[in-house]
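> Return atomic coordinates for the entry below.
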Amino acid sequence: MLRRLTLVVVTAGCAARGAVVVPPPAGVAARGAAPAPPAAAAAASVVVDGGELVLSLRGKPAGREVFTIEAEGDGYRVRSEVRLEQRSTLRLIASDLVTDRAWRPRAAIVRDVVDGVTTSTLEGDPLTLRTTSRLNPATVRTASRAIELYLADNTLAHFAPTCAVAAPTVRTGFPGMAVRIGPDRALPPFVQRTVDLGATVRALVTCEGARLVAVELPALALVAVRSDRADDLRDLVGVPATKAPLPPGLIEEPRTVRVAAARDRAAAELACSLVRPVGATGPLPVALLLTGSGAQDRDEDAVGAGGVKLGLLRAVAGALGVAGVASLRCDDRGVGGSTGEFGAATLATFVADAQAAVAALRRERALDPRRVIVVGHSEGGVVAAAVAAADPRVAGVALLAAPGRPVDEVLLGQVAHTLTAGGLTAAEAAAALARHQAAFAAIRAAQPLPDTAEADEWAGGEAWLRSHMRHDALADVRALACPVWIAQGAIDRQVTPVDAAALAGAARAGGRATVTERAYPSLDHAFVVSATGDVAEYATPGRQVDPTFLAELAGFVAAVPPRPR
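The predicted model follows:
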């Protein structure tokens with residue numbers, strides 16, 4: 001499980017237990033031994049498109065998909081065979097989809113050989129998907145509304161209709177999720193469209209006329225490129241993200257923070273960067289920048305191919321440096337250049353790592369030990385409050401989109417939004433949410449997880465979740481006795497304005513903190529301008545942290561007075 005407050009994706013499909021599903025939630029994963037294909041609309045057919053998509057996953061070759069699209073009578077038939085290698089798992093997927101001329105699905109059969117043979121059949125009115133497997137119970141999912149697209153998991157050829165329809169538009173994908181197709185972005189002779197699936201996953205679809213030539217899911221590092229156009233698309237699709245440079249006049253120096261072993265944690269060496277203005281005189285104020293949840297580097301980016309690549313903390317470090325404030329940011333333990341094991345870490349581990357970083361900053365001769373400010377984003381805000389509550393020498397705290405409710409309540413809110421956006425019926429969404437709640441109850445009680453697909457999503461992160469469940473974050477905030485800056489994006493879908501209000505109320509209730517609240521009407525969880533705040537937008541090319549937010553954060557940190565000796 002990739003644990004995070006910043007992003008929770010729950011597939012709306014019926015993925016086989018234990019399988020890695022790419023992409024979520026694009027309908028229902030369909031697998032198994034193939035029965036007879038759907039009846040053809042007419043005896044004669046004409047091939048209107050076809051080819052081979054070369055697949056790569058996390059920057060490495062991952063297989064191929066061969067497909068054909070035939071015009072049959074008053075509709076189309078899309079046949080696909082996928083060979084996908086995911087680590088040690090080989091996926092062999094064959095699909096046969098019949099649609100009308102508007103690409104509305106009439107019937108489909110998909111078989112997948114993984115963990116046994118699984119078969120999914122789409123048919124009926126309303127459309128119903130029945131999935132049978134040798135290893136797992138049969139499932140049935142019925143469309144919650146009229147369906148205009150069917151996108152089976154791991155079948156990239158099913159994105160072909162998103163090139164054939166006029167854009168921008170919104171279509172309904174099975175089982176009822178909104179599929180938002182954005183306007184064309186010219187990349188002559190191609191165009192590229194964003195395709196948002198259920199508000200949680202964004203695909204970048206490249207078209208040549210009405211033909212599909214490439215599909216990229218940046219968050220998952222999955223790229224499919226038509227083999228006969230691969231050379232022409234080399235510099236347009238699947239290009240690795242690059243780090244933005246720091247503003248001129250700043251210097252970035254390597255630092256190592258050593259964290260001693262304790263009864264509940266192993267020792268670690270954190271690889272860090274100290275940013276400061278060139279030629280600055282006198283001891284400088286300094287901010288420790290803490291990442292949110294999930295394995296991230298010092299810039300708060302996912303490591304390796306895929307994942308969110310915004311560089312939020314790098315942007316914060318740049319803004320602070322321009323304001324005359326030094327900053328330290330570190331790779332999470334076990335990530336990037338840091339040693340240790342990320343998967344074994346709990347909240348207490350991350351607090352200890354931050355405390356060691358604060359101690360290291362106080363030993364830096366060029367920095368003012370009485371002006372150490374702790375800045376935390378998302379889960380990093382929980383860590384920041386815990387560090388400052390236990391250390392009265394901390395001069396100030398900035399809580400950026402930090403949760404003010406219990407972790408399970410925050411995560412269940414994310415799950416509920418994703419289930420609804422995925423197009424499930426109200427009854428299906430409620431049942432799935434109840435299974436997530438049962439999993440959290442087992443984790444809280446240190447009991448074995450239930451035998452459900454929902455519980456599987458949290459497997460491996462029980463100790464981390466339980467450490468948050470047993471921690472009173474608001475008690476830490478009430479104990480703060482320093483300036484506190486609380487910032488919140490008003491359209492944040494991950495941590496909401498309700499959390500910011502709870503944090504501000506707790507800080508004021510303590511009676512010893514000077515509290516400043518800032519709400520940003522059009523900013524999301526990463527403090528970027530967003531149309532919806534949905535996590536699908538995180539994969540938008542060229543996203544940048546809002547300059548007003550950065551300037552106001554830097555202004556707060558620069559104005560924090562020294563702590564009395």
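> Report the contact partners of residue 327.
Counting by C-beta atoms under 8 Å, 6 or more residues apart in numbering, residue 327 touches 274-276, 286-289, 316-317, 320-321. Where you see a C-beta, it was placed from the backbone N, CA and C, and this is true even at glycine.
> with those in mind, which one is nearest to residue 380?
When the contacts of residue 327 are compared for distance to residue 380 (C-beta to C-beta), residue 289 comes out closest, at 7.8 Å.
> Any of the contacts of residue 327 buried? List them.
274-276, 286-289, 316-317, 320-321 (16 or more other C-beta atoms under 10 Å).
> out of the residues you listed, which one sits closest to residue 260?
Among the buried ones among the contacts of residue 327, residue 288 lies closest to residue 260 (C-beta to C-beta), at 17.9 Å.
> does that closest one really touch residue 372, like I thought?
Yes. Assessed by C-beta atoms under 8 Å, residue 288 is found in contact with residue 372 at 6.8 Å.
> one step back: got JSON lines for the contacts of residue 327, with secondary structure too?
Formatted as JSON lines, the contacts of residue 327 follow (DSSP: H, G, I helix; E, B strand; the rest coil):
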{"residue": "274", "secondary structure": "strand"}
{"residue": "275", "secondary structure": "strand"}
{"residue": "276", "secondary structure": "strand"}
{"residue": "286", "secondary structure": "strand"}
{"residue": "287", "secondary structure": "strand"}
{"residue": "288", "secondary structure": "strand"}
{"residue": "289", "secondary structure": "strand"}
{"residue": "316", "secondary structure": "helix"}
{"residue": "317", "secondary structure": "helix"}
{"residue": "320", "secondary structure": "helix"}
{"residue": "321", "secondary structure": "helix"}
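> Turn those residues into a markdown table, including pLDDT and distance to residue 56.
Shown next, in a markdown table, are the contacts of residue 327 (pLDDT from 0 to 100; distance: C-beta to C-beta, whole Å):
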| residue | pLDDT | distance to residue 56 |
| --- | --- | --- |
| 274 | 98 | 36 |
| 275 | 98 | 34 |
| 276 | 97 | 39 |
| 286 | 98 | 41 |
| 287 | 98 | 38 |
| 288 | 98 | 37 |
| 289 | 98 | 33 |
| 316 | 98 | 32 |
| 317 | 98 | 32 |
| 320 | 98 | 37 |
| 321 | 98 | 37 |
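> nearest to residue 357, of those?
Out of these, the member with the shortest distance to residue 357 (by C-beta to C-beta) is residue 288, at 5.3 Å.
> Contacts only, for that closest one.
Counted by C-beta under 8 Å, 6+ apart, residue 288 has contacts 327-329, 354, 357-358, 361, 372-375.
> Residue 83 too?
63-65, 90-92.
> Unless I misread the structure, it falls within a strand.
Yes. The assignment for residue 83 is a strand, going by three-state DSSP.
> can you tell me how far it sits from residue 66?
9 Å (C-beta to C-beta, to the nearest Å).
> And the helices in the protein?
Using DSSP state H, the helices of the chain run over 161-164, 230-233, 312-322, 347-362, 379-390, 407-421, 426-444, 453-456, 462-469, 473-478, 497-510, 547-559.
> do you know which of the ones you listed lies nearest residue 221?
helix 230-233 (16.3 Å).
> Enumerate the positions of that closest one that are buried.
232-233.
> on that earlier part again, how about the helices of the chain, which one is nearest residue 399?
helix 379-390 (4.0 Å).
> Next, the buried residues of that closest one.
379-389.
> Could you do stretch 408-427 as well?
For stretch 408-427, a neighbour-count test (16+ other C-beta under 10 Å) marks 408, 410-425 as buried.
> So residue 241 sits against residue 310, correct?
No. Using C-beta under 8 Å, residue 241 is not in contact with residue 310; the gap is 9.0 Å.
> okay, these two: which has more neighbours?
Ranked by neighbour count (other C-beta atoms under 10 Å), residue 241 and residue 310 place residue 310 first, with 21 against 16.
> Can you give me the neighbour number for the residue nearest to the more buried one when sequence neighbours are not counted?
Closest residue to residue 310 apart from its sequence neighbours, by C-beta to C-beta, 6 or more residues apart in numbering: residue 526 at 5.4 Å. Per other C-beta under 10 Å, the neighbour tally for residue 526 reads 29.
> Tell me the most packed of the contacts of residue 83, by neighbour count.
Counting by other C-beta under 10 Å, top hit in these: residue 65 with 23 neighbours.
> Pairing partners for that one in the sheet, please.
On the basis of DSSP bridges, residue 65 is bridged to residue 53, residue 82.
> quick one, what contacts it?
Going by C-beta under 8 Å, 6+ apart, residue 65 touches 52-53, 55, 80-84, 155-157, 224.
> can you redo the residues you listed as CSV with distance to residue 462 and pLDDT?
Putting the contacts of residue 65 into CSV (distance: C-beta to C-beta, whole Å; pLDDT from 0 to 100) gives the following:
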residue, distance to residue 462, pLDDT
52, 43, 98
53, 38, 98
55, 33, 97
80, 38, 97
81, 39, 97
82, 34, 96
83, 35, 95
84, 30, 92
155, 33, 95
156, 34, 96
157, 38, 97
224, 35, 97
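> List buried residues within these.
For these, buried by 16+ other C-beta under 10 Å: 53, 55, 80, 82, 84, 155-157, 224.
> For residue 538, which of the helices of the chain is the nearest?
Checking the helices of the chain against residue 538 by C-beta to C-beta gives helix 312-322 as the closest, at 11.0 Å.
> count of residues packed around residue 336?
Residue 336 has 18 nearby residues by other C-beta under 10 Å.
> Mind pulling up the pLDDT for it?
pLDDT for residue 336: 96.
> Now do the same contact list for it.
271, 297-298, 303.
> how about a cut-off of 6 Å?
Contact partners of residue 336, counting by C-beta atoms under 6 Å, 6 or more residues apart in numbering, are 297, 303.
> and what of the one 10 residues further on?
Residue 346 makes contacts with 463-464, 467, as judged by C-beta under 6 Å, 6+ apart.
> Can you tell me which of those residues is closest to residue 214?
The closest of the contacts of residue 346, once distances to residue 214 are taken by C-beta to C-beta, is residue 464, at 36.8 Å.
> how near is that closest one to residue 345?
7 Å.
> go on, residue 76?
50 Å.
> related to what we said a few turns ago, out of the helices of the chain, which is the most enclosed?
Burial among the helices of the chain, expressed as mean neighbours by mean count of other C-beta atoms under 10 Å, is greatest for helix 379-390, which shows a mean of 26.
> From the chain's centroid, how far away is that helix?
For helix 379-390, the separation from the chain centroid amounts to 23 Å (computed by C-alpha atoms, centre = their mean, to the nearest Å).
> now stretch 550-565
The chain centroid and the centroid of stretch 550-565 are separated by 31 Å under C-alpha atoms, centre = their mean.
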